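**Student:** Got a predicted structure plus its sequence, pasted below:
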Amino acid sequence: MFHGLSRDQAARKHLHAQIQIGGHVYVRNSNKCGPWIARVEKMNGDEIEVTWMYKPSELVHSNPFTTPPCPNELFASTHVDFIDISTIHDIATVALHDNQCDESDRWCWRQLYNPATGDFGEPAPAD
Ligand SMILES: [Zn+2]
């Protein structure tokens with residue numbers, strides 16, 4: 001039992017324990033397209049440095065696809081923000097695109113998007 005903690009506090013503590021650098025999280029937002037997804041870059045107490053994962057519908061530049069996209073394909077980005085840990089809603093499962101995408105409902109990505117320039121690039125080396 002989580003003695004002395006409410007159920008909400010216990011759930012939050014459990015969630016926070018799962019947040020890892022290099023992992024992905026869902027971040028609450030107020031619009032109707034569902035939570036944002038971000039990659040955790042650094043953690044400093046309650047302040048989390050993230051890079052955002054873009055959905056294809058959020059790209060403001062031309063269609064980058066040279067092959068048909070996966071149903072759950074995202075774009076890693078160079079867009080950095082600092083968020084409070086309290087805005088993290090859940091852990092997200094995001095993997096580099098591979099031949100298991102067809103059998104999985106996880107999110108995948110294979111291109112890096114720079115929203116400042118509109119450039120697309122190859123994945124950064126894995127950590
Ligand atoms: Zn894929």
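**Tutor:** Noted; the coordinates are in hand.
**Student:** Would it be right to say that Ala11 lies in a strand?
**Tutor:** No - going by DSSP: H, G, I helix; E, B strand; the rest coil, the assignment for Ala11 is helix, not a strand.
**Student:** What parts of the chain come near the ion?
**Tutor:** Contacts of the chain with the ion, taken as C-beta under 5 Å from the ion, map to 70, 97, 101, 108. Just so you know, the C-beta spots here come from the backbone N, C-alpha and C atoms, and that holds for glycine as well.
**Student:** Show the buried residues in those.
**Tutor:** Neighbour-count burial (16 or more other C-beta atoms under 10 Å) is assigned, among those, to 70, 97, 101, 108.
**Student:** and those residues, which of them are in strands?
**Tutor:** Judged by DSSP state E, these include Cys108 as members of strands.
**Student:** Redo the buried ones among the residues of the chain next to the ion as JSON lines? Include pLDDT.
**Tutor:** Listed next are those as JSON lines, based on pLDDT from 0 to 100:
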{"residue": "Cys70", "pLDDT": "87"}
{"residue": "His97", "pLDDT": "92"}
{"residue": "Cys101", "pLDDT": "91"}
{"residue": "Cys108", "pLDDT": "95"}
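**Student:** Return the member of the buried ones among the residues of the chain next to the ion nearest to His14.
**Tutor:** Using C-beta to C-beta, Cys108 comes nearest to His14 of these, at 26.1 Å.
**Student:** my read: that closest one touches Cys70, true?
**Tutor:** Yes - counting by C-beta atoms under 8 Å, Cys70 is a contact partner of Cys108 at 5.3 Å.
**Student:** what residues do the two have in common as contacts?
**Tutor:** Residues touching both Cys108 and Cys70 (C-beta atoms under 8 Å, 6 or more residues apart in numbering) are 97, 101.
**Student:** just checking, what's the longest strand in the chain?
**Tutor:** Criterion DSSP E: the longest strand present in the chain is strand 73-84.
**Student:** Just checking: what are the partner strands of the following helix or strand past it?
**Tutor:** Per DSSP states H and E, the first helix or strand lying C-terminal to strand 73-84 is strand 88-92. Its sheet considered, strand 88-92 pairs with strand 24-27 (antiparallel) by DSSP bridges.
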